[in-house]
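Chemist: 3D model of this:
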Amino acid sequence: MQPYDILGIGFGPANLALAIAREEQESTLSAKFLESRDEPAWQPGMLLDGSDIQNHPCRDLVSLRNPRSRYSFLNYLFEHGRMIEHLNLPAEFPLRKEYARYITWVARHFDDVVDYGRRAERVAVVEREGESLYEVTASTGEVYLGRTLVVGPGRTPFVPEPFASHPGRRVFHLTDYLFRLEEFTAQRAPESVAVIGGSQSAAELTLDLAHRFPRARVRNLVRAFGLKLKDTSPFSEEGYFPAFTDYYVQADPAARRRLDAYLHGTNYSAVDGDVLRDLYMLVYEQRLDGDQRVFVDGNRQVGAVREEGERVALDITEVNTGAVETDHFDLVVIATGFRDLGPGPDQELHPKVLTGIADRFRTEPSGALHVTSDYALEARPEHAGTPPLFLNGLCESSHGIGDAGSFSLLSLRAQTLLDGLVKHGGFEGRGAEALAR
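Modeler: Purely as a prediction, here's the structure:
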C-alpha cells in the first residue's frame, strides 16, 4: 500500500477546486479523494425549480484563480452549446440545477483521483517504514494512507432541539427535501407541511411546496419577527474579497465577532428580494381571494415535537406573548442551516471524522481548533511528528464570511491550500518549477 502525497476526504466543490489547481499547475504530487456519494452530485436534495445560486457565475471552481481555465462555468456553457442562450436569460444568477450539472461535468474529468462510495469512517496517525502518515479507513473497509490530509466533507446539517432528538422520518433537514418528498408524496399530496427557519432556503421551500401542492396548507415558522431582506450592499459584499480574509485572520477574537455580526445578513437568516416579493405576493393574493393556504408566522418557537399516527404534532409558542398552540402536519422540513466550526452551541469543535486525532492539534482559548492563514492545523508540541492536515471550506470562524460555504473564494482558497501542501509537506523539490508558474 503506497501512501498518497495528498489524501482528501470529500469531493464536493472545495476539494474539486483543489484537484483542478493540482492538474492545471502540473503538480507531481500524487492524490486520492474519498467521496461518500456513489457519484458526483451537488445539493441533489435542493435542486428546486427556478432556484438560483445567489452568486456571480464567474465565482466558480476556477475563474478567480485562472480565468483561462477549461473548467470555468463559461466554458461549460460553450461546450454544451448554451452560452448565447444563457447570456440572454433575464436573470442575474444561474439556475441552481444548471450549476449542479456544471459541477458534475467538471468532476467527471477527475474520476481517476476519486474513489466514490467511500465514506471516511476513521482517521489515525500511523508509522510506516519510519514515516508518519494518515491512515483513513473507509466505510467499505478499505484503508488509505496519505502524507498529508485535506478535510473537506462539507458542513454538518444543523438540526436544533426539539427536532434533533426526534427519530421520525417525517421530520427532516432540507438536504433531504426532494428525496423525502418522493418517499412520502408518491401516493397522495400532503395536506399540511411546516417549514422551520428564516433562511433563504426556508423561503424557497415554502414557495416550492405552495407550487407543488397548491391545495396544501404550508406554514413557515420563524423565530424572528419575520423574514428579513438579505444585505446585498456592494460594500458589505467586500466581505467576500480575499483582502477581507487576510484582514479577518489578523483580527483578535472580539473584532472577529463584531465583523461577523455586521456581515451576518449577507448570508444567514435573510432572503433575496425576488424570493421575498414572490412569497409575499402569493400570500397577499390568497388573502385577497379568501383562501389563504401559505403562512409565514414570525415570533414562533417550537417547544415539542411528537408523531401522532401519520402526522407530526408541534407545540408552538408565540415568543412574546407566551401563548401556546398545537398544530399538526404531514411533514416538517428543517431549514436551519449548517454547523460551522467553533465553540458555540450551534457549532462543532472539529469535523466528526477527526474525533480520533483532534487532540493532537492546537486550539484557541475558546476550545476551537487553531487554523493558520493557509488553512493548516498546528500540532501540539507533544505531537510534533503529526503529518500536515488542512481544512478546506470549514473555516468561517477563523477566516471570515468568505468561508461560509459559498463559491465566492473557492478557487483562490484552492491555490492557498496547494501552496500550503507543498510548503508543509516538504514537497518543495518535487515539481516546484511547475508549481511556481
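Chemist: Helix, strand, or coil at Phe390?
Modeler: At Phe390 the chain is in strand, as set by DSSP: H, G, I helix; E, B strand; the rest coil.
Chemist: what's the neighbour count on it?
Modeler: Neighbour count for Phe390, taken as other CB atoms under 10 Å: 26. The C-beta positions use only the backbone N, C-alpha and C, and glycine is treated the same way.
Chemist: Phe338 too?
Modeler: For Phe338, the neighbour count with other CB under 10 Å is 16.
Chemist: Report the separation between it and Leu87.
Modeler: As judged by CB to CB, to the nearest Å, Phe338 and Leu87 stand 32 Å apart.
Chemist: Run through who's touching the helix or strand where Ala254 lies.
Modeler: Under the criterion DSSP states H and E, the helix or strand holding Ala254 is helix 253-263. Residues from elsewhere that reach helix 253-263 (CB atoms under 8 Å, 6 or more residues apart in numbering): 231, 236, 239, 248, 251, 364, 366, 397, 400-401.
Chemist: can you do 6 Å?
Modeler: 239, 401 (CB atoms under 6 Å, 6 or more residues apart in numbering).
Chemist: buried sites along that helix?
Modeler: 256, 259-260, 263 (16 or more other CB atoms under 10 Å).
Chemist: Also stretch 9-16?
Modeler: 9-16.
Chemist: Can you give me the end-to-end span of it?
Modeler: Distance across stretch 9-16, first residue to last, is 11 Å (CA to CA, to the nearest Å).
Chemist: before we move on, what about stretch 226-237?
Modeler: End-to-end distance (CA to CA), stretch 226-237: 23 Å.
Chemist: Buried residues of it, list them for me.
Modeler: Of all the residues in stretch 226-237, those buried under the rule 16+ other CB under 10 Å are 227-228, 230-231, 236-237.
Chemist: Confirm for me that His166 is in contact with Val305.
Modeler: Yes - judged on CB atoms under 6 Å, His166 makes contact with Val305 at a distance of 5.0 Å.
Chemist: Who has more neighbours out of these two?
Modeler: A count of neighbours by other CB under 10 Å puts Val305 above the other of His166 and Val305, at 22 against 19.
Chemist: so who does that one touch?
Modeler: With CB under 6 Å, 6+ apart, Val305 has these contacts: 162-163, 166, 314.
Chemist: Filter those residues down to the buried ones.
Modeler: When these are checked for burial by 16+ other CB under 10 Å, the buried set is 163, 166, 314.
Chemist: Tell me the predicted confidence for Glu433.
Modeler: The model reports Glu433 with a pLDDT of 43.
Chemist: Sorry, wrong one. I was asking about Gly402.
Modeler: What the model reports as pLDDT for Gly402 is 94.
Chemist: Can you tell me how far the residue nearest to it when sequence neighbours are not counted is from Gly393?
Modeler: Leaving out its chain neighbours, the residue that sits closest to Gly402 by CB to CB, 6 or more residues apart in numbering is Leu409, at 4.2 Å. Shown here: Leu409 relative to Gly393, a distance of 10 Å by CB to CB.
Chemist: Comparing those two, which shows the higher neighbour count?
Modeler: Counted by other CB under 10 Å, Leu409 and Gly393 do not tie: Gly393 has more neighbours, with 28 against 25.
Chemist: residues contacting the more buried one?
Modeler: Gly393 makes contact with 14, 152, according to CB under 6 Å, 6+ apart.
Chemist: mind running it again at 7 Å?
Modeler: With CB atoms under 7 Å, 6 or more residues apart in numbering as the criterion, the residues that contact Gly393 are 14, 152, 403, 405.
Chemist: And for Ala203?
Modeler: Contacts of Ala203 (CB under 7 Å, 6+ apart): 227, 271, 275-276, 279.
Chemist: Now the two most distant members of those residues.
Modeler: Leu227 and Val275 (8.8 Å; CB to CB).
Chemist: low-scoring pLDDT stretches of this structure, where are they?
Modeler: 429-437 (pLDDT under 70).
Chemist: now the helices for the stretch 51-200 of the chain?
Modeler: 73-79, 83-87, 96-107, 177-184, 200-212 (DSSP state H, counting those that start in this stretch).
Chemist: can you map out the strands along the stretch 51-200 of the chain?
Modeler: Secondary structure of the stretch 51-200 of the chain, counting by DSSP state E, counting those that start in this stretch: strands at 114-116, 120-128, 131-138, 143-151, 171-173, 192-196.
Chemist: right, so of those strands, which gets closest to Gly342?
Modeler: Across the strands of the stretch 51-200 of the chain, Gly342 has its closest neighbour in strand 143-151 (15.7 Å, CB to CB).
Chemist: by contact count, what packs against that closest one?
Modeler: Counting contacts by 3 or more CB pairs under 7 Å, 6 or more residues apart in numbering; DSSP states H and E, strand 143-151 packs against strand 4-9, strand 131-138, strand 389-391.
Chemist: For that strand, which outside residues touch it?
Modeler: For strand 143-151, contacts defined as CB under 7 Å, 6+ apart pick out 1, 3-9, 15, 18, 32, 34, 128, 133-138, 351, 353-354, 387-392, 417, 421, 425.
Chemist: With Lys352 as the reference, measure out to the closest residue to Gly405 other than its chain neighbours.
Modeler: Leaving aside its chain neighbours, Gly405 sits nearest to Arg155 (5.9 Å; criterion: CB to CB, 6+ apart). Going from Arg155 to Lys352 by CB to CB gives 11 Å.
Chemist: follow-up on the earlier one: and the contacts of Ala203, which is closest to Arg108?
Modeler: Nearest member of these to Arg108, counting by CB to CB, is Val275, at 31.4 Å.
Chemist: that's a helix at that closest one, yeah?
Modeler: Yes - per three-state DSSP, Val275 lies within a helix segment.
Chemist: Adjust the sequence numbering to begin at 66 for everything that follows.
Modeler: Got it, the first residue is 66 from now on, which makes the last one we talked about Val340.
Chemist: Who does Ala259 form a beta bridge with?
Modeler: Here Ala259 shows beta-bridge partners Arg284, Val397, assigned using DSSP bridges.
Chemist: hang on, it packs against Leu286?
Modeler: Yes - applying CB atoms under 7 Å as the test, Ala259 and Leu286 come out as touching, 6.0 Å apart.
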